[in-house]
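Colleague: structure of the sequence below:
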Amino acid sequence: MAPSFDFSEWWSRDTHKGTPVVVTMENPNWSMLELENPDAPLQQVDKDRGKNARQLTWVLLLKAHRAAGCLAWLATGLWTLLSMVKKRLIFRQGVAMESEISKKEKLFRFLKAFLIFALAALVFEVFAYLKGWHFSTPYLYVPTSFGIQDFLQWIYLSWISFRSNYIAPPIQTLANICIVLFLIQSVDRIVLCIGCFWIKYKRIKPKPKDESFELKDVEQQDSAYPMVLVQIPMCNEREVYAQSISAVCQLDWPKDRLLIQVLDDSYDDDLQELIRAEVIKWNQKGTNILYRHRLIRTGYKAGNLKAAMSCDYVKDYEFVAIFDADFQPNPDFLKQTVPHFKDNPELGLVQARWSFVNRDENLLTRLQNINLSFHFEVEQQVNGVFLNFFGFNGTAGVWRIKSLEESGGWLERTTVEDMDIAVRAHLNGWKFIFLNDVTVLCEVPESYEAYRKQQHRWHSGPMHLFRLCLPDIITSKISIGKKANLILLFFLLRKLILPFYSFTLFCIILPMTMFVPEAELPIWVICYIPAVMSFLNVLPAPRSFPFIIPYLLFENTMSVTKFNAMVSGLFQLGSAYEWIVTKKTGRASEPDLLAVAERESKSLSQPLHRGASETGLDVLSKLSKQPSTPRIKKINRLYRKELALAFLLLTAAARSLLSAQGIHFYFLLFQGVSFLLVGLDLIGEQVS
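Modeller: Coordinates of the predicted model:
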């Protein structure tokens, strides 16, 4: 029935309410109209009736123009995506495939077989749908003759019976298990958020028992400051070594109470000379800084730190601060962290928060900022306040050297040496403090290749460590509650269960239920709970709310990498021992660059020692005369597992159209497009 547009009562009103509305037409051929309030008094009824009708027409045209613009934007995006598929996947222009190892991975072969099955099932289902045999038909006729069409109908009937009796029950059982794990992990996430809200509400903040370092009368007595050792481990960090050394050398701490170690594991001779020249430059300014280079690079970062701690002069120092090569601490970092150790002999670690100079560089960095903001703001802060334990982040922290020595020091047995030493220190009774208001500038990976390798190490290492630490946790003298927290929450729930159910539920079971409709996933599992969890994750980074949907899709996309890493670490496969230094770009925000330049100008005003400066200048002049290497053009990669899952989910989305499953279709469609963007290496592209 057509709607009735009766405007007689609307036109007959005599009162004027509201304010005029000015509508600016986006088309340059349209003029600006001022729409008076419909309740305004009218002098000429016939003329105003025509005027209101014209105004309604203009408004409808404006809405149609905006709708057409939205459709044009979607069409442009789809065309661009199809063009990239044609360019990178079909013609292989400007792309490089993954290493040959990925071809032999069992996970990739499983996904490839699953995709072939899904395509065959989709063709068969479409044929059955066109013939009227689809599963919505309650009863199927069992043929008595065996023509080609009757034979196909009999096969389809047998397939329905087989999948109902033998395939659907185990899929539904696995789905129910994953749903239970999903709910448990969601409850854990909600509890952490409640703890964070409580900290904010009560304004709970770790405070040092004695803030004497900040008093003016003590600043004149350098002997009151404890001896602090600062370590900067690095390996081929050409882009960031200078800014990191510069920031650490300008820490506000008495020079005779501070020693800086630059622990260089670079195997590039030219880069070694550059770093050595930078150390000489700061040494001649009066900074106590040493350059160390290992000839035998065993144990990666753990071996580097272990070798540095074995020096004889380390015994004279009480604390050690660690900064990776891309970290730039503020000058007051030590004065904000070291006072927490005073009169607190049980404290072993003070961890600061990371702040990212390139968080708005592209979509990938924005999504990482959401994840890491939740990690620091919620996970680390809540665990630090209520449990006095959390995983050491490997950098931007200050350790009591005694706690390191009593816990066994740095070990080279895993690729997560920071988590390893934190767990062993916790088992020895040491407490940790997290300072959410003390931030250190650093970078997040800007390319998907670097981020993918980083996440593989971060998720394979904990599972490898769990195998090694489990006997020590069980036999340790800590309380049963702390043991349960370590085993059930710290390792199993947050390191094993999370990537397991995320990959299994949304990447395997959900598309499988499209071809085996007898097994079902509730809508609240697919839509409502993930939306709520994503909302909670974005809360610590409120500026990132516009990216909540891309964040949800990208987290599911990363589940294949995290699941593969978790399995390799748990079963000690070859990739569990893989360590690749995360690629840095050396970016810094404009205010940071201005501040560094100002500090540099002040430091340069100090008298220089001629002999030391000549050594550094000689090195720099020698390197500057060498021919510059040509800039390597960026080559995008194709990721096989992500592409296989993309086509699998898109195939399942096409199958969901036959059963008119709206939410399932949209989720599978957008998730498949997300996998396709990642598989084509488009997620790290620069955006304005």
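
Colleague: so residue 274 versus residue 551, what's the distance?
Modeller: Residue 274 sits 39 Å away from residue 551, going by CB to CB, to the nearest Å. Every C-beta, even on glycine, is put in place using the N, C-alpha and C of the backbone.

Colleague: show me the protein divided up by domain.
Modeller: 8-77, 225-444+589-615 (automatic domain parsing).

Colleague: chain center to the longest one: distance?
Modeller: Mean-position distance between domain 225-444+589-615 and its chain equals 22 Å (CA atoms, centre = their mean, to the nearest Å).

Colleague: what is the rounded mean pLDDT of it?
Modeller: Average pLDDT, domain 225-444+589-615: 89.

Colleague: list the helices and strands the top strand by length along the chain packs on?
Modeller: Of all the segments of type strand in the chain, defined by DSSP state E, the longest one is strand 431-442. When contacts are defined as 3 or more CB pairs under 8 Å, 6 or more residues apart in numbering; DSSP states H and E, strand 431-442 sits against helix 333-337, strand 347-356, helix 381-386, helix 417-427.

Colleague: buried residues in whichever helix or strand comes after that strand?
Modeller: Counting by DSSP states H and E, the next helix or strand C-terminal to strand 431-442 is helix 448-475. Neighbour counts over helix 448-475 (16 or more other CB atoms under 10 Å) mark 448-466, 469, 473 as buried.

Colleague: any idea how far residue 255 is from residue 287?
Modeller: Applying CB to CB to residue 255 and residue 287 gives a distance of 7 Å.

Colleague: out of these two, which sits in the busier spot?
Modeller: The neighbour comparison of residue 255 against residue 287 (other CB atoms under 10 Å) goes to residue 287, with 19 against 12.

Colleague: what kind of secondary structure is that one in?
Modeller: coil (DSSP: H, G, I helix; E, B strand; the rest coil).

Colleague: the one 3 residues further on too?
Modeller: Assigned by three-state DSSP, the conformation of residue 290 is strand.

Colleague: is it in a bridge, and if so with what?
Modeller: Residue 290 forms beta bridges with residue 261, as assigned by DSSP bridges.

Colleague: my guess is residue 125 contacts residue 517. True?
Modeller: No. If you go by CB atoms under 8 Å, residue 125 and residue 517 don't touch, sitting 10.0 Å apart.

Colleague: how about residue 652: what's its closest non-neighbour residue?
Modeller: Excluding its sequence neighbours, the residue lying closest to residue 652 (CB to CB, 6 or more residues apart in numbering) is residue 511, at 3.4 Å.

Colleague: then residue 260?
Modeller: Using CB to CB, 6+ apart, the nearest residue to residue 260 is residue 289, at 4.2 Å.

Colleague: what separation is there between that neighbour and residue 228?
Modeller: Distance, residue 289 to residue 228, using CB to CB: 13 Å.

Colleague: shared neighbours of these two, which are they?
Modeller: Both residue 289 and residue 228 are in contact with residue 259, where contact means CB atoms under 8 Å, 6 or more residues apart in numbering.

Colleague: where does pLDDT dip in the stretch 451-600 of the chain?
Modeller: Applying pLDDT under 70 to the stretch 451-600 of the chain flags residues 574-579, 581, 583, 585-600.

Colleague: the more surrounded of residue 274 and residue 551?
Modeller: For the pair residue 274 and residue 551, the greater number of neighbours falls to residue 551 (24 against 20), based on other CB under 10 Å.

Colleague: now do the phi/psi pair for the more buried one.
Modeller: phi -60, psi -50 (degrees, to the nearest 10).

Colleague: same question for residue 411.
Modeller: phi -110, psi 150.

Colleague: quick check: it touching residue 420?
Modeller: Yes. The pair residue 411 / residue 420 is scored as a contact, 5.8 Å apart, by CB under 8 Å.

Colleague: need the residues touching each of the two.
Modeller: residue 302.

Colleague: okay, the two: which has more neighbours?
Modeller: More crowded of residue 411 and residue 420, by other CB under 10 Å: residue 420, with 26 against 17.

Colleague: perfect, I'm done here.
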